[in-house]
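1. got a structure for you, letters missing:
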């Protein structure tokens, strides 16, 4: 009875984690660039009651008798599929389509700021803006990492007073200066990873390279990395129908394991009262 009770307790814990993950997905259903997660379980240790035996002595052999001791968290997998694009018309809103790339962003303490690829974080949230100096930044102030036409790392800066800012499908950010001439501020850069699901969440729609994601492969928008679409953002890839199904599954699993504990408790009570 105690063995079954502890197995049920492990079931309560894992189904609570499943509900936590699902709740976070539902909370971020409208978060720009958010990627949902999936919870999987795996069985825990088993207690061997009788080992397996091979044929011999007039018998055909017997399988092992084992009793499971519960479940444990198997994995929390990042679902890196693309979200739907939403048209905004914003001058500095950019979405990535038809590709797995991530925008590179980073903080900079230098004055003036300088690109810092070694401290780069990655995001699919392209709701960018500009700061007082005209640098292209995220909503929480991280500088968007770009490159010059020659391939050198740079920050994207649109001078004050510029007009007709445009972002091309190749990631080029251009503007019209005071003399009426269109100038290039540089190209947005994108990064891909051999294992995107291995990226580590950093918060605020950003991701970090991890030991299992692989090193970033950096380039400008195109066939390999994906094309950029101006005036649009990528929404969350949370499937609400699947999320509510997962929530119900987690709830019923938790309820069933709670019932096992109640049943074990009733059996222990009967035993004590014999």
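-> Alright, I've got the coordinates. This is a predicted model, so every value here is computed, not measured.

2. elements contacting the longest helix along the chain?
-> For the chain, the longest helix by residue count, based on DSSP state H, is helix 240-272. The helices and strands touching helix 240-272, judged by 3 or more Cβ pairs under 8 Å, 6 or more residues apart in numbering; DSSP states H and E, are helix 2-27. For glycine as for every other residue, the C-beta is placed from the backbone atoms N, C-alpha and C.

3. in the helix it packs on, which residues are buried?
-> Neighbour-count burial for helix 2-27 flags 4-5, 7-8, 10-12, 14-15, 18-19, 21-22, 25 (criterion: 16 or more other Cβ atoms under 10 Å).

4. same thing with stretch 157-166?
-> Within stretch 157-166, the residues scored as buried using 16+ other Cβ under 10 Å are 157, 158, 162, 165.

5. would CSV of the residues you listed with pLDDT be doable?
-> Shown next, in CSV, are these (pLDDT from 0 to 100):
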residue, pLDDT
157, 96
158, 96
162, 93
165, 96
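
6. please flag which of the residues you listed sit within strands.
-> Within the buried residues of stretch 157-166, residues falling in strands by DSSP state E are residue 165.

7. output the buried residues of stretch 157-166 as JSON lines; include the columns distance to residue 257.
-> Putting the buried residues of stretch 157-166 into JSON lines (distance: Cβ to Cβ, whole Å) gives the following:
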{"residue": "157", "distance to residue 257": "57"}
{"residue": "158", "distance to residue 257": "57"}
{"residue": "162", "distance to residue 257": "61"}
{"residue": "165", "distance to residue 257": "56"}
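
8. closest to residue 31 out of the buried residues of stretch 157-166?
-> Using Cβ to Cβ, residue 165 is the member of the buried residues of stretch 157-166 that lies nearest residue 31, at 25.7 Å.
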